[in-house]
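Chemist: Dropping a prediction and its sequence here:
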Amino acid sequence: NLLMAFCAMAEASSAQSVLWEARTDRVGSPTSYLGGEGALAIDGSGRVFTTGRVNAGSSFDGQTLAWDSDGNLLWDRRRNEVGDLHSAFSALSLTPSGSLVVAGQVHEGASTGYNALVVAYDEYGTQLWSRMRDFGGTSGYNSDSAGAVAVDALGNSYVTGAYSTYGTVWCPPLPPYNCFNGQVSGTFLVSYDAAGNERWARTPAGAFAGGPYLSSLAVDASGNSYSVGSYPFSTGSWNWQRDFWVRAYDSTGTGLWASYKAGTQTNGSDSARAVALGPTGIVAAAGYLQNSGTGTDFAVVAYSSGGAELWSRTKSGVGANSDTANAVAADSAGNFYVAGNLHNGINQDFLTVAYDSAGNELWSRVVDGPANGNVSAVSLKVNSSGDIIVAGYSFNGVGEDLLVVAYSSSGLELWSHRQPQGAGGSAYAVAV
């Protein structure tokens, strides 16, 4: 069972080969994994950093690893301190000084539940600082988890995630007021300076049943942060709709603006999954909008730095099926590239779309899988040459293969690589 693998490729050639592949070790059941789309990075020296969790037998340890440009393991650090029952990391970000910050969660016992965890290492794997944060209270049923991290030019880190707490009486804002005593959830954004001192923390909108969440963020040169996710609105007692949500804060934690966008489906479920900043200050959020008659549609929405919506684009596949955008990136010319999946009426296809800064579609490319199996793009990056590297998975009839496709800025396919993984494997992240 694949635990972690990635390919290092030459930049542009009709024939590509894997330079090296690495896998983490495990103990017991095959449940180790790489954290997600934000859990992989490459520094200026070609060193590769990943984070996630590793099965340690009776528990899980948060794991961060570093390799050199030839695939030699440089160091392996695991969160396994006295009192830890389980820990896992979901994301990492490199700092201007060459260190890295990883974010996730830790469980220290039945009386504390799960706490958000942020750890900083230098480039050699020496731990610089570690911080736990509890937003949901001290009950053993509460759960806090950091899901994304970004670092600004001064080395300040910004971490977002979700928290939940139990035993809270909550009533819907609209009649009939059917109150309950149970789980409520919310989302948080917390910032630390380069030494690990907390600068500020925010919990937008508080906690309530089926509460909001922020799943991705980006930080601009001024330290303004832009987080995206989904926000629920009550439309009457237990009738809800979830909106495509973007929340902006300045470097001091003062709220700048918030945007809520809904599809046309009554009580629909909409969500922003990824965010990218253009060179002129445009904020592009990608995810999905649920529209009447077409189901869940692939969506990208662009905003000015002040929060005004500039344009919105959606794509719908065949029928009222699920089409989603999972990743977005910008190039130096201000073009945006969005990757995800589009339903062909039978299964999902691997989709990449390019837009200029005004929202005009430049090109769209679809990759179908073997035997028309499900294919989806989950991560996208733009390299120094302006090429677009997209990674995801492709069903092979038994399990999932890793799939990486490279395009030029004009949409020409430069190369593609499918890495067979037998019964199952998936690309979670790509870095260039």
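Modeler: Thanks, I have the structure now. Keep in mind it's a predicted model, so treat the numbers as computed, not measured.

Chemist: show me where pLDDT drops low in the stretch 251-400 of the chain?
Modeler: 371-372 (pLDDT under 70).

Chemist: now the strands for it?
Modeler: Here the stretch 251-400 of the chain has its strands, by DSSP state E, counting those that start in this stretch, at 255-261, 271-277, 283-291, 295-303, 309-315, 324-330, 336-343, 348-355, 361-367, 375-382, 388-395, 400-407.

Chemist: As TSV, those with mean neighbour count and distance to Leu94 would be great.
Modeler: C-betas here are computed from N, CA, C, even on glycine. Formatted as TSV, these follow (neighbours: other C-beta atoms under 10 Å; distance: least, C-beta to C-beta, whole Å):
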stretch	mean neighbour count	distance to Leu94
strand 255-261	16	25
strand 271-277	25	17
strand 283-291	27	22
strand 295-303	25	26
strand 309-315	16	30
strand 324-330	25	16
strand 336-343	27	21
strand 348-355	24	25
strand 361-367	15	29
strand 375-382	24	14
strand 388-395	26	18
strand 400-407	24	21
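
Chemist: could those go into CSV alongside distance to Val219?
Modeler: Formatted as CSV, the strands of the stretch 251-400 of the chain follow (distance: least, C-beta to C-beta, whole Å):
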stretch, distance to Val219
strand 255-261, 13
strand 271-277, 8
strand 283-291, 11
strand 295-303, 15
strand 309-315, 20
strand 324-330, 14
strand 336-343, 18
strand 348-355, 22
strand 361-367, 27
strand 375-382, 17
strand 388-395, 22
strand 400-407, 27
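
Chemist: Gly57 is nearest to which of the ones you listed?
Modeler: For the strands of the stretch 251-400 of the chain, the distance to Gly57 is smallest for strand 400-407, at 26.6 Å, taking C-beta to C-beta.

Chemist: what angle separates the closest one from strand 388-395?
Modeler: 150 degrees (axes from the mean of the first three to the mean of the last three C-alpha atoms, to 10 degrees).

Chemist: What are the contacting residues of the helix or strand harbouring Ser93?
Modeler: Element membership of Ser93, judged by DSSP states H and E, is strand 86-94. Residues from elsewhere that reach strand 86-94 (C-beta atoms under 8 Å, 6 or more residues apart in numbering): 35-36, 38-41, 43, 49-53, 59-64, 79-80, 100-107, 117, 119, 145-151, 157.

Chemist: from the middle of its chain, how far away would the helix or strand that that strand is followed by be?
Modeler: Counting by DSSP H and E, the next helix or strand C-terminal to strand 86-94 is strand 100-107. Taking C-alpha atoms, centre = their mean, to the nearest Å, one finds the center of strand 100-107 at 14 Å from the center of the full chain.

Chemist: Strand 100-107: partners in the sheet, and parallel or antiparallel?
Modeler: strand 86-94 (antiparallel), strand 114-121 (antiparallel) (DSSP bridges).

Chemist: one step back: so which of the strands of the stretch 251-400 of the chain gets nearest Ser227?
Modeler: strand 271-277 (7.4 Å).

Chemist: Run the angle between the closest one and strand 255-261 for me.
Modeler: Taking the same axes, to 10 degrees, one finds that strand 271-277 is oriented at 130 degrees with respect to strand 255-261.

Chemist: quick one, phi psi at the residue lying closest to Asp122 once chain neighbours are set aside?
Modeler: Spatially, and ignoring its direct neighbours in sequence, Asp122 is nearest to Ser99 (4.7 Å; C-beta to C-beta, 6 or more residues apart in numbering). Dihedral pair for Ser99: phi -80, psi -180, per degrees, to the nearest 10.

Chemist: Show the contacting residues for Ser99.
Modeler: By C-beta under 8 Å, 6+ apart, the neighbours of Ser99 are Ala120, Tyr121, Asp122, Glu123, Leu128.

Chemist: ditto for Gly71
Modeler: Ala8, Leu19, Trp20, Glu21, Ala22.

Chemist: Distance of it relative to Leu403?
Modeler: Gly71 is 20 Å from Leu403, where distance means C-beta to C-beta, to the nearest Å.

Chemist: for Trp257, same thing?
Modeler: Distance from Trp257 to Leu403, by C-beta to C-beta: 37 Å.

Chemist: got it, and Leu85?
Modeler: 36 Å.

Chemist: Same check on Ala329?
Modeler: 18 Å.

Chemist: quick one on the thing from earlier: can you redo the strands paired with strand 100-107 as TSV with mean pLDDT?
Modeler: Shown next, in TSV, are the strands paired with strand 100-107 (pLDDT from 0 to 100):
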stretch	mean pLDDT
strand 86-94	89
strand 114-121	92
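
Chemist: Nearest to Asn374, out of those strands?
Modeler: strand 86-94 (23.8 Å).
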